[in-house]
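S.K.: Sequence first, predicted model second:
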Amino acid sequence: MSSLDNLNDQQKDGALCTEGPLLILAGAGSGKTSTITHRIAYLIRERGVAPYRILAVTFTNKAAKEMRDRLERMVGDASSMWILTFHSACMRILRMEHIYTGYSSSFTVYDPQDQKAVVKRILKEKNIDEKAISPAYILSVISSCKGVDKSYEEWRDENMDLPHNEKVYEVAKEYDRVLKNNNSMDFDDLLLNTVRLFKEHKEVLKKYQDRFSYVTVDEYQDTNFIQYMIVKMLSESHRNICVVGDDDQSIYQWRGADIRNILDFEKDFKNAKVVKLEENYRSTGNILKGANSVIRNNFDRKEKSLWTKKEEGEKIKYFRLDDDREEAHYTASEISRLVGTKGYGYKSFAVLYRNNAQSRRLEEAMVRRGIPYRIFGSIRYYERKEIKDILSYMRLVANPNEGESLLRILNVPKRGIGEKTLEKIQGYASAKNISLFESLHEEEVLSSLSDKQGKEIRSFIAAIDSISEEKDYVPILKVYERLLKETGYLDALLLEKTVEAEARIDNLMEFKSVIIETEKENQNINLTEFLETMVLVKEEILTQDEDDYVSLMTLHSSKGLEFPVVFITGMENGLFPSRRKLYDSSEMEEERRLCYVGMTRAKEKLYLLSANVRMLYGNMDYSEESVFIDEIDKSVLEGDYRRESKKAVRDGYSGTQYNPFEPVKKEMKSYEQEFASGDFVSHKKFGEGRVIEVTPPTITVIFQSEGVKKLALGIAPLERLKKEG
DNA sequence: TTTTATGGCCTTTTT
DNA sequence: GGCCATAAAA
């Protein structure tokens, strides 16, 4: 069970070193999670440490959950241990210690969308053109200041040469004021306010130092300065601090992660013990060799040599397809083939991509082949409009004076409250120094509205007030259902009668199961706590009908996971590595590390795919293959690297010219027979035309010469052509 | 004054 | 392809 027998010598070394600072440099797949979970289990079982004295910090909720599950299997009940992300740990602390912070315990957490809305509103108020200073830029300044605990004044003075530094400064200041007034924090505030709390109230810091006598930090290479401060402060008194990381897997420098944290650990924590884990247990020899040959091109790294006892295994496969659609269909057909002939379960597969926009095509292909899949990461369920809307309603009920939520949904569904009316009400509210929501109750405001507006608003506030009243006494599900019904949100969607509206309704119904699950998992959770969970835990908690599915996710979110078969799609310059990083060597190195992370997720089979032509941001682009393909040791690569096929595309794309794999050929054909309306097609007899609609078993096409024809799908000699170019 | 329709613009990765 | 700002319509 928690026996250390199945650890190797180095792992054992790490697991047994419980006192004093410890740095575990763990290469990809070297059993790092296993080492730290065994270490914690050892602390509890052999050294008699109480579980509640242990703090383990991770970066993602997925990693936290994984660690908790493993520990539960080893030591039984792990519920009193804090195994959390930095952000959730800080949120917990700030909520418990809220009396010191100037926030109430029910503070709201703003996600990036909320942040952007606030900044935009401030820009508008200050009459600053968004094109002159983009909200994204301001937010990046705000975030980088908060990440190193720098005041905006300092930033302004350091950047006198920047054109808008004074205005950026003002907006940032105002931004913080708005958040504070709304009793809310952004992600960076959660960390920063914790550090401030610890600095200003030593007794609070001491309380947590005393409680957490053993601190573990996973993915230490991705910590920023403020996270480093938290770790350092918490472990200062006892120095039982264990950090795990790999400089080759540092992929979050763009958001302020500071690689020096791991490189300087031995300086920061005197007499630290260092353990290196270099044996890879995950990947076959060829995959590891390929990944090593890529990462070797980075100059800025600690030299290390990952090795494996495993057999060489299959070579890494690289294929260049004609376009992104082919890439997706090839991926899907290859998954089907492997499931059908090699006995793989769908769970064995991961399809990785550089940015979330790429998931659409892949999703389509999975659907067409009936492959169960799950998208992790950012087309997040929680970022869908209807979910954000209903969450805003719930926030409003929990915290009626929080202005941002109200602003979001006051006119959703449409209540006839436009910009002018809103300004009028806001003017009234600030003159009287009351909240926006309170001002809606004032007779003076209500009577100034038109009949229709007045009616809508009266019923709106009546609904919110009535639901607020009982929010602490009824299940969250009840609050949710009443909101949907009584605010008119659901009715408005029902009235739309469009496909989109139906999809939204489906999502809203699905959200019920999220609520039910969450309430089941967390007994007696109140509305505020529920909402907090929703902001930080962005992964789908949805109950799956299927638990055997292919995982689709970004390269970033794949970190820490492993799969027997991995596809990395979009291996093209400009996409991966990203176009904006091509000309900066340190940013290129981060892209390369990302490639390394992706490749080392694979245990048995690794596919790298690229497309000649890709639909990006609405238009077709030709692309060249990624420099990373070039860097892979050719002795472990098979397929068609260095294949110049742009010409073929220009000479007449047919979509069938290229079949990378003999066994797949048939399947490739079968999807070639599938069409969607809008596709350009070519018919043996009728020439070129365009698909009007597809209604199996027939397809309707309008031909240039022959006009509209109804044809039999699968029988008519039709071929799909490239879409408009 | 609000709502709807059209056209131009950008486009990464996450807690 | 989607967001947002502006212009036309209700």
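M.R.: Alright, I've got the coordinates.

S.K.: Tell me the helix or strand right after the longest helix along chain A.
M.R.: Assignment by DSSP state H gives helix A:499-521 as the longest helix of chain A. Under the assignment DSSP states H and E, the closest C-terminal helix or strand after helix A:499-521 is helix A:527-536.

S.K.: For that next one, which helices and strands make contact with it?
M.R.: helix A:86-96, strand A:108-110, helix A:385-398, helix A:476-486, helix A:499-521 (3 or more Cβ pairs under 8 Å, 6 or more residues apart in numbering; DSSP states H and E). Using the backbone N, CA and C atoms, a C-beta is placed for each residue, glycine as well.

S.K.: buried residues in the second one?
M.R.: Spelled out, that is strand A:108-110. A:108, A:109, A:110 (16 or more other Cβ atoms under 10 Å).

S.K.: ok, now the last one?
M.R.: By neighbour count with 16+ other Cβ under 10 Å, helix A:499-521 contains the buried residues A:504, A:505, A:508, A:511, A:514, A:515, A:518.

S.K.: Close to DNA strand B: what parts of the stretch 151-300 of chain A are there?
M.R.: A:187, A:251, A:252, A:254, A:255 (Cβ under 7 Å from any atom of the strand).

S.K.: and the last one, how far is that from residue A:624?
M.R.: For residue A:255, the distance to residue A:624 equals 29 Å [Cβ to Cβ, to the nearest Å].

S.K.: What of residue A:408?
M.R.: Residue A:408 is 43 Å from residue A:624, by Cβ to Cβ.

S.K.: Against residue A:191, how distant is residue A:229?
M.R.: 9 Å.

S.K.: Just tell me which of the helices and strands packed on helix A:527-536 ends up closest to residue A:296.
M.R.: helix A:86-96 (31.5 Å; Cβ to Cβ).

S.K.: Give me the residues contacting the closest one.
M.R.: A:55, A:57, A:59, A:61, A:64, A:82, A:84, A:101, A:103, A:105, A:107, A:109, A:185, A:187, A:190-191, A:193-194, A:197, A:208, A:223, A:227, A:230, A:532, A:536-537 (Cβ atoms under 8 Å, 6 or more residues apart in numbering).

S.K.: got it, and stretch A:507-522?
M.R.: A:381, A:384, A:386-387, A:390, A:475-477, A:480-481, A:484, A:490, A:493, A:525, A:529-530, A:533, A:541-543.

S.K.: Closest residue of the stretch 201-350 of chain A to DNA strand B?
M.R.: Using Cβ to the nearest atom of the strand, the closest approach of the stretch 201-350 of chain A to DNA strand B is made by residue A:254 at 4.0 Å.

S.K.: show me the residues around that residue that make contact.
M.R.: A:587, A:590.

S.K.: per-residue pLDDT, it?
M.R.: With respect to pLDDT, residue A:254 has a value of 87.

S.K.: returning to what we had before: only whichever of the contacts of stretch A:507-522 are buried, select them in PyMOL.
M.R.: In PyMOL, this line selects whichever of the contacts of stretch A:507-522 come out buried by 16+ other Cβ under 10 Å:
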select buried, chain A and resi 381+384+386+387+390+476+480+481+484+490+493+525+529+530+533+541
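
S.K.: Which residues of chain A lie near DNA strand C?
M.R.: Residues of chain A lying near DNA strand C (Cβ under 7 Å from any atom of the strand): A:116, A:120, A:130, A:360, A:617, A:618, A:619.

S.K.: What about those, which are in strands?
M.R.: Among these, the members falling in strands (DSSP state E) are residue A:619.

S.K.: so residue A:244 touches residue A:26, yeah?
M.R.: Yes: the criterion here is Cβ atoms under 8 Å, and residue A:244 meets it with residue A:26 at 5.5 Å.

S.K.: and residue A:217, what is it in contact with?
M.R.: Residue A:217 neighbours (Cβ under 8 Å, 6+ apart): A:56, A:57, A:223, A:231, A:241, A:242, A:243, A:244.

S.K.: Run a quick neighbour tally on the last one.
M.R.: One way to gauge burial is a neighbour count; for residue A:244, by other Cβ atoms under 10 Å, it gives 25.

S.K.: Identify the residues contacting the host helix or strand of it?
M.R.: Using DSSP H and E, residue A:244 sits within strand A:241-245. For strand A:241-245, contacts defined as Cβ under 8 Å, 6+ apart pick out A:14, A:17, A:21-26, A:32, A:35-36, A:39, A:214-222, A:231, A:235, A:262, A:265, A:269.

S.K.: before we move on, what SS does residue A:374 have?
M.R.: Using DSSP: H, G, I helix; E, B strand; the rest coil, the secondary structure recorded for residue A:374 is strand.

S.K.: So what sits opposite residue A:373 in the bridge?
M.R.: residue A:550 (DSSP bridges).

S.K.: now do residue A:318
M.R.: residue A:608, residue A:639.

S.K.: Could you measure from it over to residue A:604?
M.R.: 16 Å.

S.K.: Check residue A:682 too.
M.R.: Residue A:682 is 40 Å from residue A:604, by Cβ to Cβ.

S.K.: Residue A:465 too?
M.R.: 59 Å.

S.K.: more neighbours, the two?
M.R.: The residue with more neighbours, out of residue A:465 and residue A:604, is residue A:604; 18 against 13, by other Cβ under 10 Å.

S.K.: what's near enough to touch that one?
M.R.: Taking Cβ under 8 Å, 6+ apart as the criterion, residue A:604 is in contact with A:284, A:287, A:313, A:314, A:564, A:565.

S.K.: Can I get the buried part of those as one ChimeraX selection?
M.R.: Burial among the contacts of residue A:604 is assessed by 16+ other Cβ under 10 Å; the matching ChimeraX selection reads:
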select /A:284,287,313,564,565
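
S.K.: how about the nearest residue to residue A:237 once chain neighbours are set aside, what does it touch?
M.R.: Spatial nearest neighbour of residue A:237, excluding adjacent residues (Cβ to Cβ, 6 or more residues apart in numbering): residue A:209 at 4.4 Å. Contacts for residue A:209 (Cβ under 8 Å, 6+ apart) come out as A:233, A:234, A:235, A:236, A:237, A:238.
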